[in-house]
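In: return a 3D structure for these sequence lines:
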Amino acid sequence: MATFTERMAPVLVLWLAVFLSGTWAVDKGNFKTCDQSSFCKRQRALKPGESPYRALLETMELTNTRLTLQLINDNNKVRLLLELYRLQGNMTRVKINELKPLKPRYEVPDVLIREPPTEPLSLLSQDENGVVLSLGAESQRVILSARPFRLDIMEGRDVVMSLNSRGLLAFEHLRMRKDTSQADPEAEKKEEADPAAQPEAAKEEEKDEDGMWEETFKSHTDSKPNGPSAVSLDFSLPGVEHVYGIPEHADTLRLKTTENGDPYRLYNLDVFQYELYNPMALYGAVPVMLAHNAQRTTGVFWLNAAETWVDISSNTAGKTVFGKMLDYVQGSNETPQTDVRWISESGIIDVFIMLGPTPKDVFSQYASLTGTQAFPPLAAVGYHQCRWNYNDQEDVAAVDAGFDEHDIPYDYIWLDIEHTDGKRYFTWDPHKFATPKEMLQGLSDKKRKMVAIVDPHIKVDSNYKIHNEIRSRSFYIKNKDGGDYEGWCWPGSAGYPDFTRADMRDWWASMFAYNQYEGSMENLDTWNDMNEPSVFNGPEVTMHKDAMHGAWEHRDVHNIYGFYVQMATAEGLIQRSGGVERPFVLTRAFFAGSQRYGAVWTGDNAAEWEHLKISIPMCLSLGLVGISFCGADVGGFFKSPNTELLVRWYQTGAYQPFFRAHAHLDTPRREPWLFGPENTALIREAVRQRYTLLPYWYLQFYHAHRTGEPIMRPLWVEYPEDPATFALEDEFLIGRDLLVHPVTEEGARGVTAYLPGKDQVWFDVHTFQKHNGAQNLYIPVTMSSIPVFQRGGSIIPRKIRVRRSSSCMMQDPYTLYVALNLQRTAEGELYIDDGHTFNYEKEFIHRRLSFANNVLSSVNLAPEAQFSTGSWIERIVILGASKPSKVLLKTDDGQESQVEFDFDASMSVLTLRKPGMNAGANWNVMLQ
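Out: As a prediction, the model looks like this:
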C-alpha cells in the first residue's frame, strides 16, 4: 500500500511484505484443516451406525402447526427437544435444541424474511417403534423412528430424504468445566437443582478431549469459555449422484465427495490468492445444498452462522463408467445414494428441507424463506471499471475520457482504499481527491457513476469522527475481557463495529446521508470489502472467536457479519435518497439472504486461465442458492494477463451478471485501450455486446427479483431430465433463452458446446446459423468469437445503438430477435421502467411478445401499471422464417400499414425495417 502509519506493528509489516511481494500464492498453513479444528476432528471421528439418540414417544405433542418430542442421548442422558414443522410450499422444518441448556444457544436472526407459515400436520399411525405423519399431499409423509431416532421423508414408496439414517446426529450440550475454578456458580446451581438437566442420574463420565475448553492455532489461543458446543446431523439422498451449492468454494459445480480429504468448509475468510479445486473456505458462506436427479430436485438449508464443515460421500463415487456398466450387466441393483453430513461449531440444528420437486420449485421455496435478488439500478448491470487504485481526480478524468476516445461504453468507475484520507472511510484524500463533488458532477454530466469503498474496519484515531462516534456509543465488538476489540487492517490499528446490533446498523446507515458523508452525491454507490471480517493479525486472518457481540461470541455469528455490513450499507443508500433510489452495494463476504442487498464477486482471483474457467462454476453455484448478481474480476486481480487472456476474460465477463474489471496495486495499468488497436477493438466489441443485450439482462434481473430463479444458470435447471447437462460447467444459460460457451482455453481453435433439447433448435446469435438440440457441436473460433446461441422458440429484445452509458440509451429504439422453433412459434417479454427508482413496483411496462400462425403480437402483462416510454421498435429480425409476400402492421387503434422487409434465403432470416410502433403499445405484425 502507498502510505501507512509510522507506528506499524511488525506483524502487519510482515503480512504486507508477503501480500505485496511476488509470491502470489495462498499460504495454506494460515488456515485450518478439519484435523486442526477440534470440533470438526471430534465429530468426524464418530462412527456411523452407532447413534445414541432415541425418541421418547411418550413426550410427543402434536398441535395444528408443529410436532414436538424429546430425544435422549442414552450415553449421557442429556435430553434434546425436536420440533417438526410442515411449511407452506412443500417444505419441512426440523429444529433440535437442548431441552434445558445451561444458557441460551444462538439462533440466527434476520436471515428469514418472516416466520415461515405452517400447514397442518396430521398423525397417520403410531406404535412403540415410531409415528407416521402426513405432509398434506396424499403420498407424502414423514416416518419418525424411535430407536435409534431417525426421520424419513417419503413420497409413495420412495424415500426422498433421510435424517440421521447413518446415526451421526451429535449435539454437544453446554456443561460445566470440570476444574470449577472457571465455573459459573449460578449455572452450577441450576444443573444440580434441575433433574431434567441430568435426568436419569447416572451420567456416563464424559472425558474431556483436547480443544474442548481451549484451542491454540499457530500463535492464537481461543479461550472457549462455553466449552464444546458443536452440532451435527447427516442426511441421506437415495437415487442422487449430483449435489450442488454450499458456496463459496473455488471448485467444480457438481460437489465432490470428501472421504479422502477435508470436508467443504464454510467459514468466511480473507484468503490471499486462493487455490483452485479444493474445499477450503473462502469469503462467503451459504449453507444451502441442492440435490438433483432426472426425477426430482430437493434442497437442504442449514441455518447456522458458525463455522461449518460439510462432508459428502457416495456409494457410486470413484466408479468408472466401465464399473457402472459392469454393475448393470451383472444386475447389481444398488441404488445410487449421496450422504451429506453438516457439522457446525455452535448454535442449534435448524434445517429447512425443500422438497421441490422441480428445480424452479426449490428456487421458489428458498426465496420464500430468505428473499430474492435485490433489483439493481440498470446502470449496475452495465460495465464497471476498477483498479486498486485510480490515483487522483485527474486520473479518474483521464480514464473516463479514454473510454469516450476509444468508443467503449461504461457506467461505473471505482475507487479503492487509496481515495480516503489515510484509510479513514467516509473521507477523501485532501490532496488527491480535493473536490470530490466536482469529480462526481463531471461523471454525472455524462450519465455515469462512481463506486467508492467503505470497509468495516475503523481506524483507531481520536481525530476521526467515525471512530469517536462508534467508541462513544460503545458500538465496537468487544474482546473477551470487555474492552473494544482491536485488530490490524489497512489503516493499522482498527476497531470493528458490531453490525449484529440493529442500533449500530441504523447509525451506520445514517452516515451515508449527504450531509454526513461529505463529498458524496447521488451517483456515488458503495463497495464493502474485507467484511469477513479481515483481521491481518487475527487467527486465520479473521477475528478471534471469543470476541463478544453483546451476549454472543463471535464464533456464533461469524458467517453472518458480512451480511449485516451489506444490509446496513444498502439501507444507508436507500435512506439518503428518502427511500426513492435503488442502491448498488457490492460485498465480498456473504451469507444466506445476502441476495436481498446487492452483488457479490469471487474475490482476489489471479490472471490465469484456470481462474477464468473457475469463474463459471463459482457464479453458477451462487446463483443456485439465490445470489444471482455475481461476477469475477475481469483480467484477474493478481498478476498480469497476456492479451489473449485479457480479451477472453472480457468476452466471458460480458456474459456474467456482474461485469467489472479490477486489478491489484502492483500490476501494470490495463485499461481496455492499452494493448494495441486490435485488442482494443476485440474488447470494445465484447463490452458493446453487453450493452446491446441490456434489455434482456434487465428483464432477467426483474425475474430473479420476482421469483428467486438464477439469472446465470446451469443447463440442468432448464433440462432437468437430461443427464448430459448435470455436470456441465464450461457453458451456461442466461435466463432460458441464451446459451453461452465462452472460450476459456489458451490458444483455442475451437470449442465443443452441448446444445440441449432433443426437439429444440438453437441459432448462433452472430451468424444466425441454425443447429439442432441434443448434440455436441464443434465450433471453430478466432479471437473475436464468443459462442452464444438463442433458443428456438424465444424472442429477445436488444438495443443496437450503443452509447457511452446505459442511461444514455434509455429512450433508444429496440430490435426484436424472434427465433422460431420447429413448430414455428416463439415467445418472449419486454420489461421497461425508469431504471433507477423503487417506482418499478407500480410504474413499469411488462409485455408478452409472441409469434404464432405468422402473427407477431405484443400484449400488456400488467395493465394496472402506469409507465410510458419514448422507445419504439425499429427492427424485427425473424430467424428460421419463410419469405412472405407482404407484411402488415396493425396497431391498437385499428390502423393498418405495410412494413418494408428483406429476406435472406440462404439463412432463412426475415428482417422487418422500421415498423415504428411504441414499445409500450399493443400491436400485431402479420406475415402474409
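In: for residue 396, what are phi and psi?
Out: Phi and psi for residue 396, reported as degrees, to the nearest 10, are phi -60, psi -50.
In: which residues touch it?
Out: Applying C-beta atoms under 8 Å, 6 or more residues apart in numbering to residue 396 gives the contacts 390, 413, 415, 439, 443, 450. Glycine gets a C-beta too; all of them are placed from N, C-alpha and C.
In: now do the SS call for the fifth one.
Out: When you say that, I think you mean residue 443. Here residue 443 is recorded as helix under DSSP: H, G, I helix; E, B strand; the rest coil.
In: how close does residue 43 get to residue 112?
Out: Computed as C-beta to C-beta, to the nearest Å, the residue 43 to residue 112 distance reads 26 Å.
In: neighbour-wise, which of the two wins?
Out: residue 43 (24 against 18; other C-beta atoms under 10 Å).
In: helix, strand or coil: sort out that one for me.
Out: With three-state DSSP as the criterion, residue 43 reads helix.
In: that one is in contact with residue 229, isn't it?
Out: No. Look at residue 43 against residue 229 with C-beta atoms under 8 Å: they stay out of range, at 11.7 Å.
In: residue 78 contacts residue 173, doesn't it?
Out: Yes. When contacts are counted by C-beta under 8 Å, residue 78 is listed as touching residue 173 (4.5 Å).
In: so residue 143 sits in a helix?
Out: No. Counting by three-state DSSP, residue 143 is not part of a helix but strand.
In: what's near enough to touch residue 448?
Out: Residues near residue 448 by C-beta under 8 Å, 6+ apart: 400, 410-413, 523, 804-805, 807.
In: which of those fall in helices?
Out: Among these, the members found in helices (DSSP state H) are residue 400.
In: how many neighbours does residue 886 have?
Out: Based on other C-beta under 10 Å, the number of other residues close to residue 886 is 10.
In: what sits against it?
Out: Counting by C-beta under 8 Å, 6+ apart, residue 886 makes contact with 898, 928.
In: how close does it get to residue 856?
Out: Separation of residue 886 from residue 856 (C-beta to C-beta): 14 Å.
In: also residue 572?
Out: 45 Å.
In: any quick PyMOL command for the buried ones out of the contacts of residue 396?
Out: Applying 16 or more other C-beta atoms under 10 Å to these, the buried members can be selected in PyMOL as follows:
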select buried, resi 390+413+415+439+443+450
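In: just the residues contacting stretch 897-905, thanks.
Out: Applying C-beta under 8 Å, 6+ apart, the contact partners of stretch 897-905 are 881, 883-884, 886-889, 909-915, 925.
In: among those, which one lies nearest to residue 780?
Out: Minimum distance to residue 780 across the contacts of stretch 897-905 is 21.2 Å, recorded for residue 909 (C-beta to C-beta).
In: for residue 350, helix, strand, or coil?
Out: Applying three-state DSSP: residue 350 is strand.
In: just residue 343 next, same as before
Out: strand.
In: likewise for residue 778?
Out: Recorded secondary structure, residue 778: strand (three-state DSSP).
In: just to revisit the earlier point, by neighbours, which of the contacts of stretch 897-905 wins?
Out: Using other C-beta under 10 Å as the neighbour test, the contacts of stretch 897-905 are led by residue 912, with 25 neighbours.
In: which element is that one on?
Out: strand 909-913 (DSSP states H and E).
In: helices or strands next to that strand in the packing?
Out: strand 873-879, strand 900-904 (3 or more C-beta pairs under 8 Å, 6 or more residues apart in numbering; DSSP states H and E).
In: what about the first one, average pLDDT?
Out: Just to be clear, that refers to strand 873-879. Averaging pLDDT along strand 873-879 yields 98.
In: what does the strand holding residue 912 contact?
Out: 768, 875-879, 881-884, 887, 899-904, 925, 927.
In: where exactly do the strands run in the stretch 501-650 of the chain?
Out: Counting by DSSP state E, counting those that start in this stretch, one finds strands in the stretch 501-650 of the chain at the ranges 524-528, 548-549, 552-553, 585-587, 599-601, 630-631, 633-634.
In: can you tell me the closest non-neighbouring residue to residue 847?
Out: Computed as C-beta to C-beta, 6 or more residues apart in numbering, the closest residue to residue 847 that is not its neighbour in sequence is residue 830, at 4.6 Å.
In: look at the one you found and give its secondary structure.
Out: Criterion first, three-state DSSP; result for residue 830: strand.
In: wait, what's in contact with it?
Out: By C-beta under 8 Å, 6+ apart, the contact set of residue 830 is 695, 699, 797, 814, 845-847, 849, 858, 919.
In: return the closest of those residues with respect to residue 276.
Out: residue 699 (33.0 Å).
In: burial count for the closest one?
Out: With other C-beta under 10 Å as criterion, residue 699 counts 21.
In: so how far is residue 858 from it?
Out: Separation of residue 699 from residue 858 (C-beta to C-beta) stands at 14 Å.
In: cool, residue 880 as well?
Out: Distance, residue 880 to residue 858, by C-beta to C-beta: 20 Å.
In: okay, the two: which has more neighbours?
Out: Shown here are residue 880 and residue 858; by other C-beta under 10 Å, residue 858 has more neighbours (24 against 21).
In: may I have the beta-bridge partners of the more buried one?
Out: Judged by DSSP bridges, the bridge partners of residue 858 are residue 849, residue 923.
In: test my guess that it contacts residue 846.
Out: No. The criterion here is C-beta under 8 Å, and residue 858 misses it with residue 846 at 11.0 Å.
In: stretch 69-86: end-to-end distance?
Out: 15 Å (C-alpha to C-alpha, to the nearest Å).
In: looking at residue 78 and residue 173 now, which is surrounded by more residues?
Out: Shown here are residue 78 and residue 173; by other C-beta under 10 Å, residue 78 has more neighbours (25 against 21).
In: quick one: pLDDT of the residue nearest to residue 847?
Out: Note for residue 830: predicted pLDDT of 98.
In: likewise residue 888?
Out: Reading off the model, residue 888 has pLDDT 98.
In: after the helix or strand harbouring it, next one along is what?
Out: With elements taken from DSSP H and E, the one containing residue 888 is strand 887-891. Next helix or strand after strand 887-891 toward the C-terminus (DSSP H and E): strand 896-898.
In: so for that next one, mean pLDDT?
Out: 97.
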